[in-house]
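Visitor: Got a sequence here, can you model it:
(2 chains)
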Amino acid sequence: KAGVTQTPRYLIKTRGQQVTLSCSPISGHRSVSWYQQTPGQGLQFLFEYFSETQRNKGNFPGRFSGRQFSNSRSEMNVSTLELGDSALYLCASSLEGDGYTFGSGTRLTVV
Amino acid sequence: GDSVTQMEGPVTLSEEAFLTINCTYTATGYPSLFWYVQYPGEGLQLLLKATKADDKGSNKGFEATYRKETTSFHLEKGSVQVSDSAVYFCALKANQAGTALIFGKGTTLSVSS
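Guide: Here you go, the predicted model:
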């Protein structure tokens, strides 16, 4: 069965721009979580969606937002990009009570 | 709040050596515990998990036992291979809906032939 698909794999954006990242979970998985990975801060939780509702949110500014569609696909948006937003953004899907399956990530570089 | 502490890396070993990566956690209740592995340029792959005290997770020769009394979940492998070179993350998740995975900072393993 297909895994978690994240698009695009790589992005280069300019400071001040906005960006939208996409995540398609494993079929049947209704929970989608997003994480930011940087060398300095490691893996940090952004938010989780379940059945189109945000169920949990990490400690990130309001420039980071997300949503989930009725088919469980999820998008995250970062507005007014800063250099410090350069990171690998990972999406994970899960069945309730089970482990998380991660996608390959989107590498965002802000210049 | 809940947290995970992993041993600092990098860990450098010769092929066929024994591997231990220490992981301890702080949590209320009885979280589920995980080890994930990340190969260069890729996302995280679930290596093994344990959901209750004394459970042993195992996969691809790796093992870890959920020790409630020492709040630990150390990763071990009896004989490492060059292909095991990667970054290993210990993580926990509280057993409540909507709680996030909390990760340790990761341990880089480098195995030489």
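Visitor: who touches the residue lying closest to residue A:37 once chain neighbours are set aside in this structure?
Guide: With C-beta to C-beta, 6 or more residues apart in numbering or on different chains as the measure, residue A:88 is the residue that lies nearest to residue A:37, at 4.4 Å, once sequence neighbours are left out. Yep, even glycine has a C-beta here, placed from its N, CA and C like the rest. The contact partners of residue A:88, by C-beta atoms under 8 Å, 6 or more residues apart in numbering or on different chains, come to A:36, A:37, A:38, A:105, A:106, A:107, A:108.
Visitor: try residue B:10
Guide: Residues touching residue B:10, when contacts are defined by C-beta under 8 Å, 6+ apart, comprise B:107, B:108, B:109, B:110.
Visitor: And the furthest pair within those?
Guide: Maximum pairwise distance among these (C-beta to C-beta): 10.6 Å, between B:107 and B:110.
Visitor: Quick check: neighbours shared by these two?
Guide: Shared contacts of residue B:107 and residue B:110, defined by C-beta under 8 Å, 6+ apart, comprise B:10, B:11.
Visitor: the more surrounded of these two?
Guide: Summary of the neighbour comparison: residue B:107 and residue B:110, criterion other C-beta atoms under 10 Å in any protein chain shown, with residue B:107 having more neighbours (20 against 14).
Visitor: measure the residue lying closest to that one once chain neighbours are set aside to chain A for me?
Guide: Nearest in space to residue B:107, with sequence neighbours left out and distances taken as C-beta to C-beta, 6+ apart, is residue B:9 at 4.2 Å. With distances taken as C-beta to the nearest C-beta, to the nearest Å, residue B:9 is found 12 Å from chain A.
Visitor: Just the pLDDT at residue 33, thanks.
Guide: Here I'm looking at chain A. According to the predicted model, the pLDDT of residue A:33 comes to 95.
Visitor: not quite, I wanted chain B
Guide: According to the predicted model, the pLDDT of residue B:33 comes to 96.
Visitor: Residues touching stretch A:103-111, excluding its own?
Guide: With C-beta under 8 Å, 6+ apart as the test, stretch A:103-111 has contacts from A:3-15, A:19, A:21, A:23, A:37, A:78, A:81-92, B:42-43.
Visitor: In strands, which of these fall?
Guide: The subset of the contacts of stretch A:103-111 located in strands under the criterion DSSP state E comprises A:5-7, A:10-13, A:19, A:21, A:23, A:37, A:78, A:87-92.
Visitor: Just the buried residues of the residues you listed.
Guide: Buried members of the ones in strands among the contacts of stretch A:103-111, counted by 16 or more other C-beta atoms under 10 Å in any protein chain shown: A:6, A:11, A:13, A:19, A:21, A:23, A:37, A:78, A:87-92.
Visitor: hmm, back to that, gap between the residue nearest to residue B:107 and residue B:113?
Guide: According to C-beta to C-beta, to the nearest Å, residue B:9 stands 19 Å off from residue B:113.
Visitor: thinking again about what came up before, among the contacts of residue A:88, which ones are buried?
Guide: Buried positions within the contacts of residue A:88, assessed by neighbour count (16+ other C-beta under 10 Å), are A:36, A:37, A:105, A:106, A:107, A:108.
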